[in-house]
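Asks: pasting the sequence and the predicted coordinates here, then a few questions.
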Amino acid sequence: MNTDEESVTTLEDLRGDLAQRYKWTPSGGSVVDSAVVDADMTALARDGYVVWENLLDAEQCREIREVVRPWLGHTGRNSFEGRRTQRVYSVLSRTRVCDRLVDNPRVLAVLDRLLMPNYLLSALQAINIQPGESAQMAHHDDGFYPIPRPREPLAAATIWAIDDFTADNGATVVVPGSHRWGKSRPGPGDRALPVVMPAGSCVFFVGTLWHGGGANTSAHDRLAVTAQYCQPWLRPMEAFTLSVSRDIARNVSEDIQRMLGYSIHPPFVGAVDGLHPLRLLGAEQDAEQD
Ligand SMILES: O=C(O)CCC(=O)C(=O)O
């Protein structure tokens with residue numbers, strides 16, 4: 001970035017950290033083979049989603065189930081949250097047990113290509129769909145941002161199966177290719193597929209893909225964890241800078257720190273009193289993101 005006032009003639013000249021103290025570092029996604037990421041990007045461009053099977057083992061799923069279960073209290077306040085669906089919001093402020101889902105390298109590798117540097121975590125929730133729940137209204141996750149379609153996604157989401165996702169227990173239903181649609185909404189003639197996958201698997205989809213939670217006609221709960229991400233210049237759905245204490249922020253990975261908002265969209269977006277927000281954590285880190 002150029003700090004010489006004389007030579008700042010466009011916003012482009014202001015890219016970078018004003019103090020030049022916090023340097024950009026690659027995300028944990030940089031360890032993923034680029035051919036693997038290419039294939040994921042091809043699937044995303046074609047279908048709007050990609051499924052990765054068995055990223056978590058049975059013990060990780062058991063641990064998440066055990067930690068989350070006591071928080072599964074009331075059901076949803078409307079049919080979108082789900083009258084027979086239990087949600088735990090702001091999971092990041094409650095437990096570290098889902099951190100490796102949030103910063104999974106496969107996820108970050110794709111986000112690194114889809115979104116701008118220092119993309120943010122927009123939500124981290126557990127969603128338990130109980131028997132008797134009906135299908136959730138189809139929606140696309142970046143529909144909250146009032147920018148007309150068709151367009152590039154402003155956000156992306158993961159849904160992690162903590163229980164097996166089956167065709168009858170509420171597996172997320174996706175409408176393949178719908179990320180490219182303009183104003184239309186899914187209708188009865190459109191192909192909608194339940195994402196059937198074993199516990200420990202993850203479906204990643206772009207924010208423009210039409211989808212929804214499925215109906216649960218089985219006798220068992222369907223537990224999932226969803227981590228959602230957005231461009232660094234958008235307001236995230238969950239205000240993690242308010243809900244996550246600085247003590248917690250000091251103890252999460254560098255990738256999660258930047259996704260929580262301890263990063264800037266250069267040169268000013270996210271700054272605190274004109275300074276880089278990492279200064280609030282008081283850590284002398286020699287190489288951080290701008
Ligand atoms: O639980 C699911 O499978 C999807 C939930 C969802 O898309 C949402 O609540 O935004």
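Replies: Arrived safely.

Asks: quick check: the closest residue to the ligand within the stretch 51-200 of the chain vs H276, distance?
Replies: In the stretch 51-200 of the chain, the residue that lies nearest the ligand is T172 (3.4 Å; Cβ to the nearest ligand atom). The way it works is simple: take the backbone N, C-alpha and C, and place the C-beta from them, glycine included. From T172 across to H276, the span is 37 Å (Cβ to Cβ, to the nearest Å).

Asks: ok, now N128?
Replies: Taking Cβ to Cβ as the measure, N128 falls 38 Å from H276.

Asks: over to I248?
Replies: 19 Å.

Asks: more crowded one of the two?
Replies: Set side by side, I248 and H276 show more neighbours around H276, with 20 against 17, by other Cβ atoms under 10 Å.

Asks: so that one sits right up against Y22, yeah?
Replies: Yes: H276 is within contact range of Y22, at 4.9 Å (criterion: Cβ atoms under 8 Å).

Asks: start and end of stretch 146-163, how far apart?
Replies: Stretch 146-163 has an end-to-end distance of 34 Å (Cα to Cα, to the nearest Å).

Asks: what's the answer for stretch 126-144, then?
Replies: End-to-end span of stretch 126-144 (Cα to Cα): 20 Å.

Asks: same check, this time on stretch 125-134
Replies: 20 Å.

Asks: verify the stated contact: I159 with M197.
Replies: No: contact criterion Cβ under 8 Å: I159 and M197 do not qualify, at 9.4 Å.

Asks: which one's more surrounded, these two?
Replies: I159 (27 against 21).

Asks: now do the SS call for that one.
Replies: strand (DSSP: H, G, I helix; E, B strand; the rest coil).

Asks: just say helix, strand or coil for V203.
Replies: strand.

Asks: residue contacts, D190?
Replies: D190 makes contact with V175, S178, according to Cβ atoms under 8 Å, 6 or more residues apart in numbering.

Asks: so for stretch 179-196, mean pLDDT?
Replies: Per-region confidence: stretch 179-196 scores 97 on mean pLDDT.

Asks: what about M116, distance to I256?
Replies: 18 Å.

Asks: can you check Y89 too?
Replies: The value you get for Y89 to I256, if Cβ to Cβ is used, is 17 Å.

Asks: circling back to that earlier point, okay, M116 and I256: which has more neighbours?
Replies: Counted by other Cβ under 10 Å, M116 and I256 do not tie: I256 has more neighbours, with 23 against 12.

Asks: so which elements touch the helix or strand that contains that one?
Replies: Using DSSP states H and E, I256 sits in helix 254-260. For helix 254-260, the packing partners by 3 or more Cβ pairs under 8 Å, 6 or more residues apart in numbering; DSSP states H and E come out as helix 99-102, strand 120-129.

Asks: does the longest one reach the ligand?
Replies: I take that to be strand 120-129. Yes: using Cβ under 6 Å from any ligand atom, we find that strand 120-129 touches the ligand at I127.

Asks: which strands and helices sit next to that strand?
Replies: Counting contacts by 3+ Cβ pairs under 8 Å, 6+ apart, strand 120-129 is packed against helix 58-68, strand 85-88, strand 222-230, helix 254-260.

Asks: in TSV, list those along with mean pLDDT.
Replies: TSV is the format used below for those (pLDDT from 0 to 100):
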stretch	mean pLDDT
helix 58-68	98
strand 85-88	98
strand 222-230	98
helix 254-260	98
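
Asks: would TSV of these with distance to V203 be doable?
Replies: Converted to TSV, the helices and strands packed on strand 120-129 look like this (distance: least, Cβ to Cβ, whole Å):
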stretch	distance to V203
helix 58-68	15
strand 85-88	17
strand 222-230	9
helix 254-260	19
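
Asks: which one of those lies closest to L44?
Replies: strand 222-230 (13.5 Å; Cβ to Cβ).

Asks: the closest one pairs with which strands?
Replies: In the sheet, strand 222-230 lines up against strand 120-129 (antiparallel), strand 155-161 (antiparallel) (DSSP bridges).

Asks: in a markdown table: the ones you listed, plus mean pLDDT.
Replies: As requested, the strands paired with strand 222-230 are exported to a markdown table (pLDDT from 0 to 100):
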| stretch | mean pLDDT |
| --- | --- |
| strand 120-129 | 98 |
| strand 155-161 | 98 |
